[in-house]
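A.B. asks: generate coordinates for the sequence data below:
(chains A, B, C and D)
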Protein chains: 2
Amino acid sequence: MADLTDPQAVAWASYQRMRARLSGVLGRELAAATGLSEADFEVLVAVHERPDDTVRSLALRCGLEWEKSRLSHQLRRMEQRGLIIREACEEDSRGSAVRLTARGRELACEARKHYDAAVKRYVMDSLTPEQIAALAEISGILLDRIEVTHK
Amino acid sequence: MADLTDPQAVAWASYQRMRARLSGVLGRELAAATGLSEADFEVLVAVHERPDDTVRSLALRCGLEWEKSRLSHQLRRMEQRGLIIREACEEDSRGSAVRLTARGRELACEARKHYDAAVKRYVMDSLTPEQIAALAEISGILLDRIEVTHK
DNA sequence: CCAGATTAGTTGATGCGTCAACCTTGACGT
DNA sequence: ACGTCAAGGTTGACGCATCAACTAATCTGG
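C.D. replies: Okay, here's the model as predicted:
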């Protein structure tokens, strides 16, 4: 009772192939248009959503659901490239806060436009509203499943 | 005309979150059970499907749809860990062939069992046959879309 | 108030993935 | 033949992701 049925195997193979290809083209287009990686983009957008373009690292980490060392490494690289700056956190002197630079803010907006357009072009324009809803539903079910067994 | 509608944005967010979580869980379980990465696993399975557990690098690369340098780096690491060996290719002296070691063959089988079971547990057992078919269909559509605009 | 346990964040090592540069060998037109 | 070009593969550099070990500040129980 362990094996996948044929339609299951086919579905999994299609999904895996689609996933690999889609993230490839989206990442490449984003990099070509803005010089940002998807990781950069996620961080910039998440920070830009906050008042004053500033957020505590902890909150950012929880919002992104990233490992702490992943965020730390990413922020170091982004700081070196002048996209963000890190400042002290007054509520908790262990913590730190992240603020967008002018360049970071500008790139966040630019990148969002390009990225959303690419998602629309590659994904949304290809699917019916029913298929989009189905994708959302399936994703939600699988997420629940993972949360339940890993909490 | 550029922005995503609300249901589109929700669907995309769910998909992205599901994708990240699912690949995390599957990768972690595979590593815990066998010590292999997903990249290792893909290679082992692809080679193990061939007669004599041997393939030419070129064929492997086309089957996996990997960049050539990616495959080269991956094979170097796998050779160092004793999962495969690389030998000369007689049809074309530029080329090379990949053969599983005994350990590689053993791990390929072991890993396949664990991985399929995890896919079944996390994905297939959570979805109806209709949802599985919908996932396959959606994936196929998006793949076509990408192929068309990138070929 | 103090000692031990938690928590925020950093660091270093290592594997993965991409790009660009490179080397060798085969293919092809003339 | 031969010169040019393309293809198979390797390498080095760099960014991304995870793990484990570490530092420093906060929390908590007594």
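A.B. asks: residues of chain A that sit close to DNA strand D?
C.D. replies: A:37-40, A:66-67, A:69-70, A:73-74, A:77, A:92-94 (C-beta under 7 Å from any atom of the strand). (C-beta placed from N, C-alpha, C; glycine too.)
A.B. asks: can you name the residues that contact the residue minimising distance to the centre of chain A?
C.D. replies: Central residue of chain A (C-alpha atoms, centre = their mean): A:E42, 4.3 Å from the mean position. A:E42 sits next to A:L64 when contact means C-beta atoms under 8 Å, 6 or more residues apart in numbering or on different chains.
A.B. asks: pretty sure it sits in a helix.
C.D. replies: Yes: using DSSP: H, G, I helix; E, B strand; the rest coil, the assignment for A:E42 is a helix.
A.B. asks: and it, what's its pLDDT?
C.D. replies: Confidence at A:E42, expressed as pLDDT, is 98.
A.B. asks: is the top helix by length along chain A anywhere near chain B?
C.D. replies: Across chain A, the longest stretch assigned as helix under DSSP state H is helix A:6-34. Yes: for helix A:6-34, a contact with chain B is found by C-beta under 8 Å from any C-beta of the partner chain, at A:7-8, A:10-12, A:14-15, A:17-22, A:25.
A.B. asks: most neighbours among these, which one?
C.D. replies: A:A11 (27 neighbours; other C-beta atoms under 10 Å in any protein chain shown).
A.B. asks: which non-adjacent residue is nearest that residue?
C.D. replies: B:A136 (3.8 Å; C-beta to C-beta, 6 or more residues apart in numbering or on different chains).
A.B. asks: that neighbour and B:C62, how far apart?
C.D. replies: 23 Å (C-beta to C-beta, to the nearest Å).
A.B. asks: and for A:R19?
C.D. replies: 19 Å.
A.B. asks: in chain A, which spans are strands?
C.D. replies: Applying DSSP state E to chain A gives strands spanning A:54-56, A:84-88, A:96-100.
A.B. asks: tell me what the first one is packed against?
C.D. replies: Put plainly, it is strand A:54-56. helix A:38-48, strand A:96-100 (3 or more C-beta pairs under 8 Å, 6 or more residues apart in numbering or on different chains; DSSP states H and E).
A.B. asks: list buried residues within the residues of chain A next to DNA strand D.
C.D. replies: The neighbour-count test (16 or more other C-beta atoms under 10 Å in any protein chain shown) marks A:39-40, A:66, A:74 as buried among the residues of chain A next to DNA strand D.
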